[in-house]
Structures are given as structure tokens and as C-alpha cells.
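**Q** let me see the structure of the following:
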Amino acid sequence: MTKEEDERLYDGDNRREWPRYKADRVIPVMFQNPRHPGIGAGLISDLSSGGLRIVAPPTVITQLRWGEVVSITLSYSEGTREARVEGLELSAVVVEITSNASAFTLRCRFLKPLSPGWVKILESLMLEAA
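**A** Below you'll find the model as predicted:
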């Protein structure tokens, strides 16, 4: 598939069209709306080349709304440091936020699909990260 076909097919509305990777372990991240104060912290619980899901403590307070851009930064862990991706920033759009007594869950789609190389790095982190 050419890059143009890949981008044309990626409308981002349904990231389930992309292969997903469930975490055996998780990747810590920080997330925020770049235009508002407040940073949330959580863990990537599943990932595809089209987007990701972050699960955070229910006490997270950030100004995020559906359709807004969110900046996601991979936080420190031994795995992110070894893979040399600590501090990597990803830009995504919020497609769903749920918050209840047990968790704050943020589902996002990437502005552009991740390259296969990045997906492979992040997938290996999810399978091996501590």
C-alpha cells in the first residue's frame, strides 16, 4: 500500500481498523491539552498504529474534551530508556473520555498513523516494559 493510500484510508474515526496490541505490561505516559494547564499521568493499556487507550487513576483532573488535540509524552521507565524513546511526544485527538470511581480512561486517535517502525518499538515495550 502506498503512503497516499495509507493516509487516505486513515480517517481516524475507527482505530479498530488497525491491528491492536494489548499490553502484557504498560508504558507510562503523561498527557495534556497543550492550550490548557494541567497534566495527567497514566499507562498505555492498548495501542494500534491508529491510536491508543490510556488508563489513569480516577483522580486525574485535566481539561480534555472530545475532539481536542492531546499531547502524549512517554514517561520514564527502564523499557523506554533502553529503547531510547523516553520523552517521545505523540499528538492525538481525544475520541472518548470516561471517568468513574475506578479509573480515568482516555481513548485517542493519532493525527497520522504511526509508522510500522514506531509500532514495533512501542509493541515491544508493551510486551517487555517494567
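**Q** find the centremost residue of this protein, please.
**A** residue 52 (3.9 Å; C-alpha atoms, centre = their mean).
**Q** close enough to count as contact, that one and residue 44?
**A** Yes. In this structure, residue 52 is within contact of residue 44 by C-beta atoms under 8 Å, at 5.3 Å. Using the backbone N, CA and C atoms, a C-beta is placed for each residue, glycine as well.
**Q** if we can go back for a sec, which strand or helix spans the residue nearest to the centre of the chain?
**A** strand 51-56 (DSSP states H and E).
**Q** contacts for the following helix or strand past that strand next, please.
**A** Heading C-terminal from strand 51-56, the first helix or strand you meet, by DSSP H and E, is strand 69-74. The contact list for strand 69-74, computed with C-beta atoms under 8 Å, 6 or more residues apart in numbering, reads 27-34, 52, 54, 64, 80, 85-94, 106, 108, 111.
**Q** out of those, name the ones that lie in helices.
**A** If you go by DSSP state H, the contacts of strand 69-74 have residue 80 in helices.
**Q** buried ones among the contacts of strand 69-74?
**A** 27-33, 52, 54, 64, 80, 85-86, 88, 90, 92, 94, 106, 108 (16 or more other C-beta atoms under 10 Å).
**Q** keep only those of these that are in strands.
**A** Of the buried ones among the contacts of strand 69-74, the ones assigned to strands by DSSP state E are 27-32, 52, 54, 90, 92, 94, 106, 108.
**Q** got TSV for these, with pLDDT too?
**A** Putting those into TSV (pLDDT from 0 to 100) gives the following:
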residue	pLDDT
27	81
28	89
29	91
30	92
31	93
32	90
52	88
54	93
90	88
92	92
94	92
106	93
108	92
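**Q** many thanks, we can stop here.
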